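Participant: this one's sequence-less:
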């Protein structure tokens, strides 16, 4: 276990390091830099050179990279070039919003999608199964931002209600926070619930056809026990992997949904920092996203072992 | 097939497909309709997708404007109909490019193996460690929003998936007896790879194209919606949605119909992709 963990961590760190180089190079190849953005039309060469020096843009790229990554590993991401605030604090605040959105979406999607899939599988081939499959197809085909827009139209048309325009953190007002989060969460969760339900349906249907289930039924184990002990237990492992996948997808989807509902999350921060050529924020934000995705994958692999000790970690 | 004796079902391959795989049949029918919209948009609308008429701005759906009109009075139906070609040709181009680049590299990596395989594998891991939409945002943001850059971004995001499919396909083929046999009669590695292995990996890539198409469409539309894709006034489904976003409560039809177009297209592609995947699995 220890050796596995070490090897797995080393591989993740390696990928993260490569990803950080990709991020750095990509960000640096954004046409036009912050200096051009700041000076605008009045391109005074002396001021431009002074500013470039100030931001370290006159250094060779590899030196800029080494300096950045050395500080980044101790969570020092520098100061935002556009807003003058410490990047770590900006990312932290935005990450809180995105994580709340992601975890709430994961919870709603799991609570809706998993039961739907189980019900469909139990009634395989019948009307209820077909209805669930129809829902799955529609949920997977509909664009997330379109669902968001239509929900907005729907609730304002039916209830005359629209979400508040300014975000309130959970710590300030729970009610306001939740009313701001409700529509984004539901628009993201619909797609993921459909994905879940489809996946769970397939897993349960194939588990129901296994020999060990037939054996259990044949020797007279009560149906409920068969279902919970034999079927669901074996569905749990693939479901866990899928959950990790979904969480990573939600992180991606959050970019779009945040910009639609003006939530001050990581996605919106990334978009605005691209526009402002705010390299420190952009680099740090991307690094955080990649690291998060990697941590989720690592966690899933480790949980495997907890759920099913037969899974040998190699 | 117990009721076959009650009423003899219509014969012929098409009738049989409709009976056995109704979802595939529906998907193909929808795709045919979409293809018709792409080839002959004039059949579905006589109006121009670009002609502005401020006097008729934001009119709800009516006989003159079946899908309503947008904020500068352009006909939404015309924009959605003409947008089909713009949107879907971008997705298709990116898919073909991704399949060609990712597929070729994967084929070589899987067949040759060794250090080459390791290097490519690492690179693919890095690209796949980003959520696809974020990588897409990053590339279009860096290169600047344009149709060409959008295609580049989608290609880079999806090439790794084709790489994996082609790689595992080529690895499986490389261990088969026919490769051994080809080697023993003195064919060169390049010939075996190009002539024999490629032929067996190609169907995998084609099915993957169909399976990934709806996903590419979603990402393409999302980037358009974020303003990072096709630029106005060119009609593109994601871009129309982006323009309609600001008027969503005043004129929801501007956004509703291009979104529906994406939904229907993705649905059709998913149905067909699944049908093909089933057939491939059965082989």
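Facilitator: Great, that's in hand. None of the values given here were measured: they were computed from a predicted structure.
Participant: ok, which residues in the stretch 1-150 of chain B are in contact with chain A?
Facilitator: For the stretch 1-150 of chain B, the residues in contact with chain A (Cβ under 8 Å from any Cβ of the partner chain) are B:122-123, B:125-127, B:129-134, B:137-139, B:141-144. Any C-beta I mention is one placed from the backbone N, CA and C, and that applies to glycine too.
Participant: hmm, 7 Å instead?
Facilitator: B:122, B:125-126, B:129-134, B:137-138, B:141-142, B:144 (Cβ under 7 Å from any Cβ of the partner chain).
Participant: can you tell me how far the residue in the stretch 201-314 of chain A that chain B sits nearest to sits from residue B:41?
Facilitator: Closest to chain B within the stretch 201-314 of chain A is residue A:252: 3.1 Å, counting by Cβ to the nearest Cβ. Computed with Cβ to Cβ, to the nearest Å, the distance linking residue A:252 and residue B:41 is 32 Å.
Participant: more neighbours, these two?
Facilitator: residue A:252 (22 against 18; other Cβ atoms under 10 Å in any protein chain shown).
Participant: who touches that one in this structure?
Facilitator: B:131-134 (Cβ atoms under 7 Å, 6 or more residues apart in numbering or on different chains).
Participant: what about 6 Å?
Facilitator: Neighbouring residues of residue A:252 by Cβ atoms under 6 Å, 6 or more residues apart in numbering or on different chains: B:131, B:133-134.
Participant: For it, which non-adjacent residue is closest in space?
Facilitator: residue B:131 (3.1 Å; Cβ to Cβ, 6 or more residues apart in numbering or on different chains).
Participant: Please apply the same query to residue A:106.
Facilitator: In space, and not counting its chain neighbours, residue A:106 is closest to residue A:247: 5.7 Å by Cβ to Cβ, 6+ apart.
Participant: Could you pick out the residues of chain A near chain B for me?
Facilitator: Neighbours of chain B within chain A, by Cβ under 6 Å from any Cβ of the partner chain: A:15, A:18-19, A:22, A:26, A:29-30, A:141-143, A:145-146, A:149, A:152-153, A:156, A:248, A:251-252, A:255-256, A:274, A:289-290, A:293.
Participant: pLDDT score assigned to the residue nearest the centre of chain B?
Facilitator: By Cα atoms, centre = their mean, the mean C-alpha position of chain B lies nearest to residue B:213, the distance being 2.3 Å. If you check residue B:213, the pLDDT there is 95.
Participant: That one against residue B:271, yeah?
Facilitator: No: Residue B:213 is beyond contact range of residue B:271, at 11.5 Å (criterion: Cβ atoms under 6 Å).
Participant: the helices in chain B, which residues?
Facilitator: Per DSSP state H, chain B carries helices over the ranges B:13-20, B:22-39, B:76-112, B:114-128, B:132-143, B:147-174, B:177-184, B:189-191, B:198-225, B:237-245, B:253-282.
Participant: which residues of chain B score low on pLDDT?
Facilitator: Within chain B, the stretches with pLDDT under 70 are B:1-11, B:283.
Participant: quick one, what contacts whichever residue of the stretch 101-250 of chain B sits closest to chain A?
Facilitator: For the stretch 101-250 of chain B, the residue closest to chain A is residue B:131, as judged by Cβ to the nearest Cβ, at 3.1 Å. Going by Cβ under 6 Å, 6+ apart, residue B:131 touches A:248, A:251-252.
Participant: Repeat the analysis, applying 10 Å as the threshold.
Facilitator: Contact analysis of residue B:131 by Cβ atoms under 10 Å, 6 or more residues apart in numbering or on different chains lists A:247-255, A:267, A:289-290, A:292-293, B:137, B:157.
Participant: same thing with residue A:209?
Facilitator: Residue A:209 neighbours (Cβ under 10 Å, 6+ apart): residue A:124.
Participant: What separation do you get for it and residue B:16?
Facilitator: Distance from residue A:209 to residue B:16, by Cβ to Cβ: 26 Å.
Participant: Same question for residue B:29.
Facilitator: When distance is defined by Cβ to Cβ, residue B:29 is 16 Å away from residue B:16.
Participant: Skipping its backbone neighbours, what lies nearest residue A:207 in space?
Facilitator: Leaving aside its chain neighbours, residue A:207 sits nearest to residue A:231 (4.7 Å; criterion: Cβ to Cβ, 6+ apart).
Participant: I misspoke; the intended subject was residue A:275.
Facilitator: Closest residue to residue A:275 apart from its sequence neighbours, by Cβ to Cβ, 6+ apart: residue B:141 at 7.9 Å.
Participant: same check, this time on residue A:75
Facilitator: The shortest distance from residue A:75 to any non-neighbouring residue, by Cβ to Cβ, 6+ apart, is to residue A:88 (5.6 Å).
Participant: For the nearest residue in space to residue A:299 that is not next to it in sequence, grab the count of nearby residues.
Facilitator: Leaving aside its chain neighbours, residue A:299 sits nearest to residue A:244 (7.2 Å; criterion: Cβ to Cβ, 6+ apart). Counted with other Cβ under 10 Å, residues neighbouring residue A:244 total 18.
Participant: Could you check which helix or strand contains residue A:244?
Facilitator: Using DSSP states H and E, residue A:244 maps to helix A:233-260.
Participant: That helix: what's the following helix or strand?
Facilitator: Downstream of helix A:233-260, the next assigned helix or strand under DSSP H and E is helix A:266-275.
Participant: next one: that next one to chain centre, how far?
Facilitator: Centre-to-centre, helix A:266-275 and its host chain are 15 Å apart (Cα atoms, centre = their mean, to the nearest Å).
Participant: quick one: the nearest residue to residue B:276 once chain neighbours are set aside from residue B:107, how far?
Facilitator: Excluding its sequence neighbours, the residue lying closest to residue B:276 (Cβ to Cβ, 6+ apart) is residue B:207, at 5.0 Å. According to Cβ to Cβ, residue B:207 and residue B:107 sit 16 Å apart.
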